[in-house]
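Enquirer: Predicted coordinates and the sequence they were generated for:
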Amino acid sequence: MARKQYPLRIDPAIWEAVQRWADDEMRSANGQVEWILRDALKRAGRLPKKRGEEHGSDDDQS
């Protein structure tokens, strides 16, 4: 699936914090933003499950 491009207006202090976090994790800032969003969506139960994950996994049962 192609990735959607989206212009983002963000407070410079928040962007700097994301960039530092990305550097610590050896990711690009864009990759870090995507990871943060995916993690938040998963925690909120709003990310569609992939095939084979309908019954849960060991990670979800802790």
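Expert: Thanks, I have it.

Enquirer: can you pull out the helices in the protein?
Expert: Assigned by DSSP state H, the chain shows helices spanning 12-24, 29-43.

Enquirer: can you pull the buried residues of the shortest one?
Expert: Right, the one you point to is helix 12-24. Counting neighbours by 16 or more other CB atoms under 10 Å, one finds that the buried residues in helix 12-24 are 18, 22. Bear in mind the C-beta positions are built from the backbone N, C-alpha and C, glycine included.

Enquirer: Next: the last one.
Expert: Taking 16+ other CB under 10 Å as the neighbour-count basis, helix 29-43 is seen to contain the buried residues 32-33.

Enquirer: Helix 12-24 and that helix, what's the angle between them?
Expert: Counting by axes from the mean of the first three to the mean of the last three CA atoms, to 10 degrees, helix 29-43 lies at 90 degrees to helix 12-24.

Enquirer: Report the backbone C-alpha coordinates of helix 29-43 in CSV.
Expert: The C-alpha atoms that make up helix 29-43 are tabulated as CSV, following Å, rounded to 0.1, in the frame of the first residue of the first chain:
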residue,chain,number,x,y,z
ALA,A,29,11.6,11.5,12.5
ASN,A,30,8.9,10.5,10.0
GLY,A,31,9.3,6.8,11.1
GLN,A,32,9.1,7.9,14.7
VAL,A,33,5.9,9.9,14.1
GLU,A,34,4.4,6.9,12.3
TRP,A,35,5.4,4.6,15.2
ILE,A,36,3.9,6.9,17.8
LEU,A,37,0.6,7.1,15.9
ARG,A,38,0.5,3.3,15.4
ASP,A,39,1.2,2.7,19.0
ALA,A,40,-1.5,5.1,20.2
LEU,A,41,-4.0,3.6,17.8
LYS,A,42,-3.2,0.1,19.0
ARG,A,43,-3.6,1.1,22.6
